[in-house]
Each structure stands twice: as C-alpha cells, then as structure tokens.
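> Dropping the sequence and predicted coords here.
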Amino acid sequence: MKQQQEEILPPKRSDKFLERYCYKPIFDSISGDLMERFDEYLELHGEKKARRKYWIDVIRFMNRHTLKRSNSNVNNYNPFTMFNNYFKVGFRNLLKNKSFTAINVLGLSVSMAVCLIIILIINDQTSYDNFQENADKIYRFTHETDEGLNLKIATVPEPLANTISNRFAGIDKVVNFHRLNGELLHEGKAIDLQGYYTDPALFDLFSYKLRLGNPATALSEPFSIVLKEDIARKFFKEEDPIGKTIKIDGRGTYTVTGVLEKLPGKTHIRFEVFASTSSLQGLEEQGTHIRGKGNRESPNQTWTYFELLNGYSVEQLNASLNELEKEFYNEDSEFLVDFEVQAMTNITPGPLYGNQIGEGMPSFFIIGFGVLAALIIICAAFNYTNLSAARAITRTKEVGVRKVMGARRIQLTIQFVVESVILSLLALVLSMAFLAFLVPAFENLQMSSVLNWQLKLDAKAYLQFFGFAVLVGIVTGIFPSLYLSSFNAISAMKGLLSKKKLSGWALRKTLIVSQFVISIVLIASSMLVYKQIIFMVDKDYGYTKENIINIDLQGQNYAILKTELEKLPFVEDITASNIIPNTGISNSMDIWKETEEESFNINYFSVDDRYLDMLGLELVAGTDFKKDADSYNRQSLLINEKALSSLGFDSARDAIGGQVHSEADSTVFNIIGVVKDYNYQIVYMDIQPLLIRYEPESYQFAQVKILGYDLTDEMATIDEVWDEFDPNNELIAKTYQGQQDEFNSFFFDWAFMPLPYKRA
Amino acid sequence: MQYKLGEFEEIVLLLVAAQHGEAYGLSITRAIEKELQRSVTMSSVHTALYRLEEKGFVASHIGDSEGNRRGRRKRVFVITAVGKKSLIEAREARNHIWNMIPKFVLEFAK
C-alpha cells in the first residue's frame, strides 16, 4: 500500500512551472513543502483532487516574494535619487564649461524666442470661434466663378439662401450678412465703424449673447441696431442705451435694441454693430443702398450662414446646389458659378478666400509658420548636438568611470539628456526675456493690425513653452547621449577611443550639411520675397502715384474740404474717388446695353473731373469729363480698353458715343472716352474691364497732390486743416506707398522686411 | 515598536517561536490548521514568513530534507531578538486592554 502511494508523484509539469518562475534561493523550500503537502492531499482526497490542489497551490505561490528577480544586482534602485544626482552633475558640468554653456544657451534662446512667438501666433489664430456652441453645425455658402482670380469667394448672390432652403430641408437658421460701413453719429460724437445688416436668427445660430435687449426681437424691426459693449459705452457712457437713437451717415436713423456681451473669444466675423436686414428695404427705396436683391448674378454682397441639421450631410447639400447651378446658371445666362459649402471650423484658420467677412490668416500661412519654427529650432538643435559631440572627448573618462562603477547605459543616456534639458530650460528663461521685447514689436507690425493679433501670454502658453523647451532638450540631447553612453568602459578609461572615431562621426557631418542647407534656403527665400516686394512696389501701374496723399473723407463733404485744402501753397491738385486703386478693394455695378439682352457686372470707379489729369491716365480715344459741367459729367462715362470687347465695341473709336444703362437706377450713360488700360486692381491680377463715372455722392477719398519737399511738414499742415474741418475725427491719410505697403504687408512683412520705400 | 504585527503575522510568529528550530512553511501551515481549526493556504504562510524575515522578526537557514521531499531542503525559520521583543510587546498591549475591561462585562460570557 505504502509502496503504491510512493509511486504517485505530483504532476511534473507543475513542478517545472514552479521552477521556471520561482526565485532560485527559495525554490527548494517551496517545492519540498508542496511535495509533502501533496502526500497529505492524496490521503485525504484521492489522486485526481490532489493533483488539482497541487496545481492551485503552485499558481497561488506566485507573488512578489517568489518571482524571479531581474538579473541586475541593484534591487533597490531609486530613480528619484538618481535624478537629483543627474541635475547636480548637469549643473556642475554647465558651470564648468561656461563658454560652451553661454554659446549654447544664447544660440538656443534666440531661436527659441522666435519659436515662442510663432507658438503665440498659432495659438491666436486657432482661437477663433472656439466659444461658438454649434460650431460644428454652422456652415456658409461660398462661390467661385470662371472670371478673374482663381480664388474662391466667401459671398454668394442674395437669392441663393431662399432658393436652396426651399429645395433642401436640412438647412435651418439662415443668417445673411450685408456690409454696413459708415460713421455712427450721436450727440456730436462720431465713430467710424464696420458692421453688418443681418437677420434675427443671428442669435440662434451664433453664440453672441446680448447683455441688454431681447435677442428674439432685437433685429426684427427695420432700423434696429445692436452695439458691441465698448461702442455702447463710448456713445452712452453709463446711460441705458436701449431705445436711444443713433444716426448712421447716409443710412438713416437707428434705434438701439441691444448691447452685446463682451465676446468670450475671437470670432471670424469682424463687426462692431449689427443692424436689422429689414432696414435695407427702406434704404433701397431711398436709393442710398444698392443691394443685389433678387439678382442671381451679383455674388459679392451677401454672406450666407446656416445650420446643417442632424441627419443631413454636406454631400447631399452639394448635390442640391449642383442642381440649382444647372437650373439658374447654365450656358444661357453666361454667368457660370460654382457654389460650395464651407464649415465654420474651416474658416479661420482656413484656406484663402476672397471677400472675407473678417480678418484671418490663411491656413497655409499657419502651416508655413509651423514649418519655419521647426526649421529654426532644428538648426539650433543641430548646433548643440554638434558642439556636444565635438566636446565628447572631454567626457570619455567620466563615462568610463561611471560604467566601471556600475552605471547602465540607459542611466548614462538619461544623465546626458537631463543635461541638455537643463540647458534648454535655461535658454527658455532667456528667451522669455526676449519675448518681452518681441511681443510688442510683433503686435505693432502692420500685419498684426490687419489680422488683429492678440499674442496672449496665458497659462496655456506658458505650459506649451515649458513642454516645448523640454522637448527641444530631449531632441537635442538624445543623439550625443546615445553616442557618449556607447563608449566601451575600458577603452574610454585608457583613452583608446581614437580621435578619428570621435571626429569622423557621420551624423555630425550630416548635421552640419543640413544645417547649412536650411540656413541657405531660409536666407535665399527671404531675399526672394524681399525682391518680390520691391518689384511690386516699383511696378509700373500705368498711373502716377508720386506725392499723392489719400485722405479718407470719413463722410465729410468733399467740396468744402477741397476749397480748404486748395488754399495751402504746397497743394498742387485735388481729386476725389470712391476707392483707391491697388488696395484689393473693388466696386462693381450691373449695366446693360440696348443691343444686348443680358445685363452684366462690371467694376467701376466714381471720380471727379480732375481724376485723369492727376493720375496721369492716358486717353486712347474721346475726351475727359468736362470741367465744372456737373449734369453733363453725370451722364458721361469713360471705359478702359478691356471693357471695349466686353461691351461689344470693335474699336475705341467705335465706342465713343455708345450708350449703356445702369441696372440699379436706369441712368443712361454716354461713353465719352476710352482710357488706356492701367492696373487698378492687385498687381498679379489681369486687368479687368472698368468703367469710370462721375458721381460726387459716392466719394470716399480725397486724393491730394502735394509738392512733397517736406512730407512730414506738409502732412502736419493738412492735419491742422482737417482738425478745424472735422474736430470729431482724426485725419486718416496715407501716401500711395503707405496704402500699398499696408496691403502688401498683409502678405509679406512677417519676414521683418524693412521697406526702403516707406517714406511716410 | 518599529513594525506593527498583523494578526496573521502574529500567529505565524508565535508558531515559529513555539516550534523553535523546527519551524518551516508546511509545519506552520499544519499547526494553524490543527491548533486553530482554521484553513489556510501554504502560500500565504510562506508570504507571511518572508515578510517577517524582511522586517527582521525571524531569521532563516537551509535545513534538512526529511520527509517525502524528493531531496528538497527545508527553509527553517527561527525567531530573532526583535521578534521576541515585538511578541512580548504585542502581548503586553493586549493584557493592558484586557485589564481595562470591567469584570462584570465578561462574566456572562463564561
């Protein structure tokens, strides 16, 4: 019996398993105990159950006491103590090599400061509309035509919204915007403002909150206006503005029905006031506003936003838009247009669009900025990597000693990385000091005022800076550390690492080469951009612009200003117009000719009888406007050469005496002259057909030709005249150069280009 | 007292003292099962012993391989001076509390 029992042994495999996981020194005792126990089980429960119980015991024995230890002898390795030591050694090393540290910190901090600025700019540009609750459901329509620039336009014809919402059920809360620019007047105070005529659904669609007034009715009644808080305070101080009236120059009197809460963040719509769209009806009847109402071929005046309901997709909407295009914009209409849908989240930052509703940097600029930051910091990082690799020879003994003392490779690597992180954090401190100067400098750039940059140094930004610096530290340190920690202990101690091995490191050569390549590319592209600007500034536009100052009339009477300015000895000539050429702004009107069925849209300038002379525009045929012949001039029209073919004339001579009709007010114009083509739009656009008409009501700018001997003095005198003339408003006057620089700066002054032509 | 003794640890330590010079994992497991009528797994006894050793209450050495152990040696545990001291302290603490109990409270339990 006993003999038999001894034959039955515990399952072999479970013993093997125990042996595999168990810590060697205690295996014997555990295994022996288990065997003895097995015999007990056998007696109590029989073989089958005993085996099972044995298995369970083996598995139960697995815990931290019994498991195999890692091969290392360091059982109580404390990473925190080691980190303290890394920092201590790191600081000592940096202090020991003061010049090395200084060069690295200084170099890194300059690059880092630039990167920090770029981080701030990217933060600012990505902060748009983050407060909008329905942001992911808000869309707008955009369009593209086959005319002009190959650029998508943010506006659409006014009837589109109505037509599409009748056909497509997934659209709700449609909000149209029409531009409202003008001077707000109240009790002698005047502020020049930008805003929009818009619909009551505005407050449903967007998360603009009213501090005063009822959002449901604020924009329902004609001639209602909602003001931003700061504007309301400027006009009414602490008084309750609700129910008070404000006059908008040339656009009637409005009742204040609401005051907006301060916006919680930036929004892509640049506005100071919202007025009710229903006001436009009255204005159109008076003839003070020309809206493309009902006109499917006037795509430049209306921005249309809407909410796409759940369950409907953009694809479905696009299909519906395609049908609509086929129906209304086919071959017969000669106005081909392609409508698209754009999500609000893609607007700012987003692709470049024409006729934007507010400022914003195109997304390729932001990506460009990011790439620029990466290139700059990579160059700086390479610098550090190279310098520390070159210095590696001084650290070989240290590495050797540490290895002999039992340091593992990973520990050495961490030590060197910590060193470079310390360096990078030092650089961060210094670059923050640079930032104190850089932020105001950047905010003063013309580009910044155009784009309304707000470089906010908030907690988020500081956190990003810190993370950025640590990342830079790790990236710059990782290669030298891996390299240093790879030394063999004995050869490092004996100094056997040959000079050749240390200096011939392939990575170093690669780094130097790529660093030079990046630097050269950056310098070359800066020069290229610079030359491009000079080209644009110097380009022959086909008209004179020397010594001409453009004064924004700000709603004042041009005739009075003209007589005042003519008294000044240095003023040679004065003319007036509704827009300044080459500023990216254009006005257009619908005209038709008797011989042709369809009306069409064409750019125009409203000027006075001195315009051609002053800008030095040449006539190809016919005559200029007559001096002091108001009623004659009003019915007369000049066209450019490009307009000849679009109006259906064979030659310039043929055009003289021809007639065109204005769609808006049915005026009949007699063509009296043809002007040689000149570049009135953006330099890189083709010259487009143009009408020049005589229309004193629409003058926005006085263009004053001065002698220009002492520009500062002459400008100061004009300023004095203006102050007497209009004490409420500051003079807004720019030279052509200034005006164009402002426009160009929108694209170019990020590269810190000094413009030698900026004379005023 | 430098280390606190858990209830189970105290039992194991008491048994190590009781089986002085003879105590190993299985013997203590058996004793607990027999004397205290309490089922216990061997691994938890081993764990308690290792923990006591870490704390310095017991010391261990490799012992004989008596019994059906297929030649595998025992690890024999002996109580240390610190262990003894902590046992005494634990007992005194208990006695102290026992003495705090008014006599009549426990009379009815008898």
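Great, that's in hand.

> Kindly report the residues of chain B close to chain A.
B:24-26, B:29, B:41-43, B:46-47, B:50-51, B:62, B:65, B:67-70, B:72-75 (Cβ under 8 Å from any Cβ of the partner chain). Quick note: C-beta positions are derived from backbone N, CA and C, even for glycine.

> mind checking the SS state of residue A:550?
strand (DSSP: H, G, I helix; E, B strand; the rest coil).

> how near is it to chain B?
Counting by Cβ to the nearest Cβ, to the nearest Å, the separation of residue A:550 from chain B is 88 Å.

> same question, residue A:195
Relative to chain B, residue A:195 is positioned 75 Å away (Cβ to the nearest Cβ).

> where does that residue land in three-state SS?
When the structure is reduced to helix, strand and coil (three-state DSSP), residue A:195 reads as strand.

> Tell me the backbone dihedrals of residue A:701, please.
Recorded main-chain torsions at residue A:701 are phi -130, psi 140, according to degrees, to the nearest 10.

> these two touch, right, it and residue A:580?
Yes. Using Cβ atoms under 8 Å, residue A:701 is in contact with residue A:580, at 5.8 Å.

> what sits in contact with each of these two?
Here residue A:701 and residue A:580 have residue A:550 as joint contacts, going by Cβ atoms under 8 Å, 6 or more residues apart in numbering or on different chains.

> for the closest residue to residue A:51 other than its chain neighbours, phi and psi?
Leaving aside its chain neighbours, residue A:51 sits nearest to residue A:11 (5.3 Å; criterion: Cβ to Cβ, 6 or more residues apart in numbering or on different chains). Dihedral angles phi and psi of residue A:11 (degrees, to the nearest 10) take the values phi -50, psi 130.

> Show the contacting residues for residue A:11.
Contacts for residue A:11 were tallied using Cβ under 8 Å, 6+ apart; they are A:51, A:54-55.

> PyMOL command for the buried members of the residues of chain B next to chain A?
Buried residues within the residues of chain B next to chain A, by 16 or more other Cβ atoms under 10 Å in any protein chain shown, are selected in PyMOL with:
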select buried, chain B and resi 24+25+26+29+42+43+46+47+50+51+67+69+72+73+74+75
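
> In strands only, show me the residues of chain B next to chain A.
Secondary structure of the residues of chain B next to chain A is defined by DSSP state E; positions in strands are B:62, B:75.

> Sketch out the helices for chain B, chain order is fine.
Applying DSSP state H to chain B gives helices spanning B:7-18, B:25-35, B:42-55, B:81-100, B:103-107.

> and the second one, what other elements does it pack with?
If I follow you right, that is helix B:25-35. When contacts are defined as 3 or more Cβ pairs under 8 Å, 6 or more residues apart in numbering or on different chains; DSSP states H and E, helix B:25-35 packs onto helix A:24-45, helix B:7-18, helix B:42-55.

> contacting residues around the last one?
The contact list for helix B:42-55, computed with Cβ under 8 Å, 6+ apart, reads A:26, A:30, A:33-34, A:37, A:57, A:60-61, A:63, A:65-66, B:2-3, B:8-9, B:12-13, B:16, B:25-26, B:28-29, B:32, B:58-60, B:77, B:83.

> With stretch A:696-710 instead?
Under the contact criterion Cβ under 8 Å, 6+ apart, stretch A:696-710 has outside partners A:546-553, A:558-559, A:561-562, A:565, A:570-580, A:606, A:608, A:611, A:614-615, A:630, A:714, A:718.

> on that earlier part again, pick out the shakiest of the helices of chain B, pLDDT-wise.
Of all the helices of chain B, the minimum mean pLDDT falls on helix B:103-107 (a mean of 79).

> what are the C-alpha coordinates of it, in CSV please?
Backbone C-alpha positions of helix B:103-107 (Å, rounded to 0.1, in the frame of the first residue of the first chain) are rendered in CSV as follows:
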residue,chain,number,x,y,z
LYS,B,103,-15.0,42.4,35.4
PHE,B,104,-18.8,42.2,35.1
VAL,B,105,-18.6,42.7,31.3
LEU,B,106,-17.1,39.3,30.6
GLU,B,107,-18.8,37.4,33.5
